[in-house]
Each structure stands twice: as structure tokens, then as C-alpha cells.
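Chemist: Just the structure for this:
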Amino acid sequence: METLSVETSDGVTIQARVFTPADLRSERVVVLVHPFTVLGGFQGLLRGIATGLAEAGYRAVTFDMRGAGRSSGRASLTGFAEIEDVVAVCRWVSEALSPDGIVLVGSSAGATIAGSALDKIDEVRAYVSLGYPFGWMASILFGRHHKAVLQSEKPKLFVMGTKDGFTSVKQLQSKLRSAAGRVETHLLEGVGHFQMEGPAYDTQMAGVISAFIASL
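Modeler: Numbers count the residues shown, from 1 in each chain. Okay, the predicted model is just below:
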């Protein structure tokens with residue numbers, strides 16, 4: 001695992017980590033975006049998934065968005081400032097790692113931010129959401145992110161527990177009816193939002209993401 005710093009276009013210093021597999025089986029790189037910084041989200045929450053992806057042969061990159069961990073700057077309530085953090089990290093990946101495309105993975109509020117960055121980086125080929133908060137209450141903060149991810153033509157996978165407290169299965173299905181391009185869902189029966197974010201599901205999440213990448 002390598003630790004590094006990336007500068008954003010607005011002068012924020014982002015701390016990132018690269019997980020490199022012992023046996024590299026793909027030139028695609030997975031960039032993971034952590035949950036809501038304001039509620040304690042930071043890149044360490046995605047270490048298990050990143051490790052699982054590396055074990056599957058993919059390079060994975062995690063990072064602390066502004067205001068999280070050792071990154072500078074301040075977190076925003078709506079996640080719009082953090083889009084620049086995702087763009088900066090993806091640009092660094094494109095230049096430094098020369099990938100055969102990037103797959104963006106966002107967890108919870110990180111999925112909304114990653115979704116808004118999806119079409120801002122040409123090298124990003126696909127998107128995976130882990131618990132996208134489409135529900136009414138979450139939409140107060142993150143509703144303005146929905147349009148970007150739904151309008152993107154890039155392949156998209158939405159992973160969610162059927163007991164997610166922020167988004168019901170019905171709300172997810174309703175939103176995705178208007179989504180462009182290839183859209184898939186993967187539902188975990190009886191699993192809640194924060195439960196799916198927990199380490200007990202890291203191996204399963206890494207497997208679901210790996211299978212999706214292999215299908216592209």
C-alpha cells in the first residue's frame with residue numbers, strides 16, 4: 001500500500017492510498033469514494049473493500065475527501081465541493097497509473113459525489129453505487145446530485161440492502177427507470193444501510209464489484 005498526496009484545482013491537499021495486487025490481472029483501476037465526511041466518513045472505511053479488490057487482481061485507490069483524515073479543507077453539507085476531490089484523484093490515477101479505464105465506486109453519500117463526477121473524467125468507464133441515498137430525507141442534502149448519475153450513459157451498478165433506511169427498493173426502482181445507458185441492480189435481502197457499510201460485507205462487496213468490472 002502506497003500513501004500519497006494529490007492537489008485539487010481549488011488548492012485542497014487530498015491524502016490517498018494505492019492498493020497494489022501481488023498478481024496484477026487487470027489494467028483497470030478502481031477509485032473508491034467514502035461515506036459522508038460530516039458523519040465520520042473517511043477512507044479507512046473502504047480499506048477492506050480495497051484490499052479485496054487488490055486480492056482479485058485490481059489496483060484500488062482510496063482517499064480522504066476534504067475535511068476528512070489528513071486531507072486539508074472543510075467538508076461541505078451537500079457534497080458539491082467534494083466533486084473536485086474525486087476529479088483530482090481520478091486525474092492523478094490517469095496520469096500516474098496509466099490505467100485501461102477507471103471504475104468509480106461510491107459508498108452512501110460518496111455514491112452521490114462519485115455519480116456527479118462520473119462524466120467529468122473521460123477515463124472513468126463505469127460506476128458502482130453502494131447504498132445510494134435516493135430517499136426523500138437524504139434528497140434534502142443530496143437531491144441535486146441525482147441528475148448527473150441518471151443521465152450518464154456509462155454503465156452503472158446500484159448495490160443496496162432491501163432494509164436500507166435511507167432508500168426503499170421501490171424508490172430505487174422508480175429512480176432508475178429514467179436512468180440512461182446500461183443499468184443493473186444488486187439487492188442484498190434483509191440488509192440495512194449501515195450494516196452493508198460494515199466490515200462483515202467487505203468481501204462480498206469486493207466480489208460484486210469485481211464481477212461487474214469483468215462484465216464490462
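
Chemist: got a pLDDT number for Val29?
Modeler: Val29 carries a pLDDT value of 98.

Chemist: center of this protein, which residue is that?
Modeler: In the chain, the centroid-proximal residue (CA atoms, centre = their mean) is Gly106; its distance is 1.7 Å.

Chemist: That one and Leu24: what is the separation?
Modeler: Shown here: Gly106 relative to Leu24, a distance of 24 Å by CB to CB, to the nearest Å. The C-beta positions use only the backbone N, C-alpha and C, and glycine is treated the same way.

Chemist: ditto for Ala16
Modeler: 19 Å.

Chemist: Comparing those two, which residue is more hemmed in?
Modeler: Neighbours were counted for Ala16 and for Leu24 using other CB atoms under 10 Å; Ala16 has more, 22 against 11.

Chemist: Pull out the buried residues from the host helix or strand of that one.
Modeler: Using DSSP states H and E, Ala16 sits within strand 13-19. For strand 13-19, a neighbour-count test (16 or more other CB atoms under 10 Å) marks 14-19 as buried.

Chemist: Can you tell me which of those residues is closest to Ala88?
Modeler: Ile14 (6.1 Å; CB to CB).

Chemist: Who are the contact partners of that closest one?
Modeler: Contact partners of Ile14, counting by CB atoms under 8 Å, 6 or more residues apart in numbering, are 5-8, 63-66, 71, 85, 88-89.

Chemist: Run through the bridge partners of it.
Modeler: Per DSSP bridges, the residues bridged to Ile14 are Val6.

Chemist: Report pLDDT for it.
Modeler: For Ile14, the pLDDT comes out at 98.

Chemist: and if you look at Met1?
Modeler: According to the prediction, Met1 has pLDDT 88.

Chemist: Enumerate every residue touching it.
Modeler: Met1 makes contacts with 17-20, as judged by CB under 8 Å, 6+ apart.

Chemist: With distance to Thr78 and pLDDT as extra columns, can I get those residues in TSV?
Modeler: Formatted as TSV, the contacts of Met1 follow (distance: CB to CB, whole Å; pLDDT from 0 to 100):
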residue	distance to Thr78	pLDDT
Arg17	26	98
Val18	28	98
Phe19	29	98
Thr20	34	97
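
Chemist: I'd like to know which elements the worst-scoring helix or strand of the chain on mean pLDDT is packed against.
Modeler: When each helix and strand of the chain is scored by mean pLDDT, DSSP states H and E, helix 136-142 comes last, with a mean of 92. Contacts defined by 3 or more CB pairs under 8 Å, 6 or more residues apart in numbering; DSSP states H and E place helix 136-142 against helix 109-117.

Chemist: who touches the helix it packs on?
Modeler: With CB under 8 Å, 6+ apart, helix 109-117 has contacts from 32-36, 39, 41, 65, 79-80, 82-83, 85-87, 90, 104-106, 124, 127, 129-133, 138, 141-142, 145-146, 148-149, 152.

Chemist: re earlier: just the buried ones from the contacts of Ile14, in ChimeraX syntax?
Modeler: To isolate the buried members of the contacts of Ile14 in ChimeraX, using 16+ other CB under 10 Å:
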select :6,8,63,64,65,66,71,85,88,89
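
Chemist: What segments of this protein are helices?
Modeler: Residue ranges of the helices in the chain, as given by DSSP state H, are 47-55, 83-96, 109-117, 136-142, 146-151, 169-176, 193-197, 202-215.
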